[in-house]
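A.B. asks: Just need the structure, nothing else, for what follows:
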Amino acid sequence: MARAGVAAELRRKGAGESAVVAATAGGDVDDERRSARTAAERWLRTHPPRPAALARHLDRKGYPASLVLELLAELTPERNEPADGEL
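C.D. replies: Presented below is the predicted three-dimensional model:
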């Protein structure tokens with residue numbers, strides 16, 4: 001789960017702000033990217049490579065939209081190209 005997802009879940013369960021900050025401290029953009037890639041690859045092992053469904057999955061885990069779009073382009077490239085006759 002992304003740091004934002006962890007923070008939202010802790011707040012939903014009534015954790016204090018200091019607990020939220022402590023739980024989400026550390027890590028960097030590369031850690032978040034690795035975590036998102038792992039989550040996406042795990043999901044793709046058991047689901048068809050449908051970009052919209054994968055995007056919803058990653059969004060529910062709290063990953064930022066820019067990172068989700070980046071991973072979709074990398075992990076489902078054939079779905080990002082127009083089909084024959086489409087533009």
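A.B. asks: Which pLDDT does the model give Ala22?
C.D. replies: Here the pLDDT value assigned to Ala22 is 87.
A.B. asks: Next: Leu67.
C.D. replies: Each residue has a pLDDT score; the one for Leu67 is 94.
A.B. asks: Quick one: residues contacting it.
C.D. replies: Glu32, Arg33, Ala36, Leu58 (Cβ atoms under 8 Å, 6 or more residues apart in numbering). Where C-beta positions appear, they are placed from N, C-alpha and C, glycine not excepted.
A.B. asks: let's go with 10 Å and repeat that
C.D. replies: Ala2, Val29, Glu32, Arg33, Ser35, Ala36, Arg37, Ala40, Leu58 (Cβ atoms under 10 Å, 6 or more residues apart in numbering).
A.B. asks: where's the first one relative to Pro77, distance?
C.D. replies: Noted for Ala2: a distance of 23 Å to Pro77, by Cβ to Cβ, to the nearest Å.
A.B. asks: Compare these two (neighbour count), which wins?
C.D. replies: Shown here are Ala2 and Pro77; by other Cβ atoms under 10 Å, Ala2 has more neighbours (22 against 11).
A.B. asks: got a list of what that one touches?
C.D. replies: Residues in contact with Ala2 (Cβ under 10 Å, 6+ apart) are 8, 24, 27, 32, 35-36, 39, 58-64, 67-68.
A.B. asks: Only C-alpha atoms, please: export the helix or strand encompassing Glu32 in CSV.
C.D. replies: Applying DSSP states H and E as the criterion places Glu32 in helix 29-46. Extracted C-alpha coordinates of helix 29-46, given in CSV (Å, rounded to 0.1, in the frame of the first residue of the first chain):
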residue,chain,number,x,y,z
VAL,A,29,9.9,8.3,-4.4
ASP,A,30,11.9,5.2,-5.5
ASP,A,31,10.5,3.2,-2.6
GLU,A,32,7.0,4.2,-3.6
ARG,A,33,7.7,3.3,-7.3
ARG,A,34,9.1,-0.1,-6.3
SER,A,35,6.1,-0.8,-4.1
ALA,A,36,3.6,0.2,-6.8
ARG,A,37,5.4,-1.9,-9.4
THR,A,38,5.3,-4.9,-7.0
ALA,A,39,1.6,-4.4,-6.4
ALA,A,40,0.9,-4.0,-10.2
GLU,A,41,3.0,-7.1,-11.1
ARG,A,42,1.3,-9.2,-8.4
TRP,A,43,-2.1,-8.1,-9.7
LEU,A,44,-1.2,-8.8,-13.3
ARG,A,45,-0.3,-12.4,-12.4
THR,A,46,-3.9,-13.2,-11.5
